[in-house]
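[1] model this:
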Amino acid sequence: MIKLNKKWSDYIDKHPNSKWLVCGRGPSIKDLDLDKYKDYKIIGVNDIENILKPDYLVIVDSLMSFPPARKEVIRNTKCDEIFVNNAQFGRQLSDQVFDSKRLIEIKLVNCRKDKDLQSGKIVFSNNSTFVACDIARRMGGIEINLIGVDFTGHKSLDNEKQLKRINEDYELLVKAFDKKEIKLYNLSSKSKITTIPWKNLK
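    Numbers count the residues shown, from 1 in each chain. Presented below is the predicted three-dimensional model:
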């Protein structure tokens, strides 16, 4: 069993009153000018380092679910703080042990079972960036912006059933964040998310 050095409790409210970019790998990520967001914390998912280096990385899908090229990017990540929901992900690479010193284990709960965000766990839906949004909130975020979270052409999520769930769950998250005076915005005009307020890239 892998024993982790880092504890999730040390990250709660680590960045009070902070602004965040939640970055996915959708086409709109190419529209992002990072120079305009120097004061923002960046949290990305999976193999986002093909595109940019985040401050924090989120991996909640099994590493074995990624094709070799994407898994290689994850394995070679330069990110020092990686949130996972299963510490044993570190054993899933056959050729080496993932560097467990950088892993932070989080506990997840279905967002529909914790609509008011009272459980103390991180809420999840059917996409990794949803988890990243709630991690940013728990770390002190008061404004959280999605970019590259488009689902356009996504092999498993760009279909009517999954997009319906995505939009319903993000609507729940927007309402829960509003009650806590936390703003959630979508920076992508290309996104198939319709339930998050849209804001122009600046």
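[2] what ranges does the protein have for its strands?
    18-23, 41-45, 56-59, 82-84, 103-105, 108-110, 122-124, 141-147, 183-186 (DSSP state E).
[3] mean pLDDT for those strands - can I get that in JSON lines?
    What follows is the strands of the chain, written out as JSON lines (pLDDT from 0 to 100):
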{"stretch": "strand 18-23", "mean pLDDT": "98"}
{"stretch": "strand 41-45", "mean pLDDT": "98"}
{"stretch": "strand 56-59", "mean pLDDT": "96"}
{"stretch": "strand 82-84", "mean pLDDT": "94"}
{"stretch": "strand 103-105", "mean pLDDT": "92"}
{"stretch": "strand 108-110", "mean pLDDT": "98"}
{"stretch": "strand 122-124", "mean pLDDT": "98"}
{"stretch": "strand 141-147", "mean pLDDT": "98"}
{"stretch": "strand 183-186", "mean pLDDT": "98"}
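[4] how about TSV for those strands, with distance to Pro197 and mean neighbour count added?
    All C-beta atoms are positioned from the backbone trio N, CA, C, and that covers glycine. Formatted as TSV, those follow (distance: least, Cβ to Cβ, whole Å; neighbours: other Cβ atoms under 10 Å):
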stretch	distance to Pro197	mean neighbour count
strand 18-23	14	24
strand 41-45	19	24
strand 56-59	22	26
strand 82-84	25	23
strand 103-105	29	20
strand 108-110	24	15
strand 122-124	19	23
strand 141-147	10	24
strand 183-186	6	20
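[5] could you dump those strands to JSON lines with distance to Val73?
    Listed next are the strands of the chain as JSON lines, based on distance: least, Cβ to Cβ, whole Å:
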{"stretch": "strand 18-23", "distance to Val73": "14"}
{"stretch": "strand 41-45", "distance to Val73": "11"}
{"stretch": "strand 56-59", "distance to Val73": "11"}
{"stretch": "strand 82-84", "distance to Val73": "13"}
{"stretch": "strand 103-105", "distance to Val73": "17"}
{"stretch": "strand 108-110", "distance to Val73": "23"}
{"stretch": "strand 122-124", "distance to Val73": "22"}
{"stretch": "strand 141-147", "distance to Val73": "19"}
{"stretch": "strand 183-186", "distance to Val73": "25"}
